[in-house]
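1. I would like to see how this sequence folds:
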Amino acid sequence: MGKGDRRSKRGKVFRGTFGKKRPRLKAGSKVKPEAAAAAATAQG
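-> Alright, predicted model coming up:
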C-alpha cells in the first residue's frame, strides 16, 4: 500500500485523482494552514 495504491490517500495524491479517501475541496471552503496540518497528522 502506498503510491501505487489507488484506494489510499497517498495513491490519490500521486495520481492526482479524487475519491472517498481524498475528497475535492469545495470552492467556498478555506482551511487555515494550522488546521490542515493538524488534520493531516491526525488522519495518518
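2. rest of the way, CA atoms for contacts and neighbours
-> Fine.
3. all helices for this protein, in order.
-> Taking DSSP state H as the criterion, the chain contains helices spanning 9-15, 33-43.
4. now tell me which of these the model trusts least on average.
-> Lowest mean pLDDT of these: helix 33-43, a mean of 67.
5. quick check: residue 23 vs residue 10, distance?
-> Distance, residue 23 to residue 10, using Cα to Cα, to the nearest Å: 13 Å.
6. the two: who's more crowded?
-> residue 10 (17 against 11; other Cα atoms under 10 Å).
7. the more buried one and residue 17 touch, don't they?
-> No - under the criterion of Cα atoms under 8 Å, residue 10 is not in contact with residue 17, lying 10.3 Å apart.
8. so for residue 17, what's the pLDDT?
-> Looking at residue 17, its pLDDT reads 90.
9. next, count neighbours for it.
-> Applying other Cα under 10 Å, we find 13 residues neighbouring residue 17.
10. one more: residue 22?
-> 16.
11. with adjacent residues omitted, what lies nearest to it?
-> Nearest-residue entry for residue 22: residue 9, 5.7 Å, with adjacent residues in sequence omitted and distances by Cα to Cα, 6 or more residues apart in numbering.
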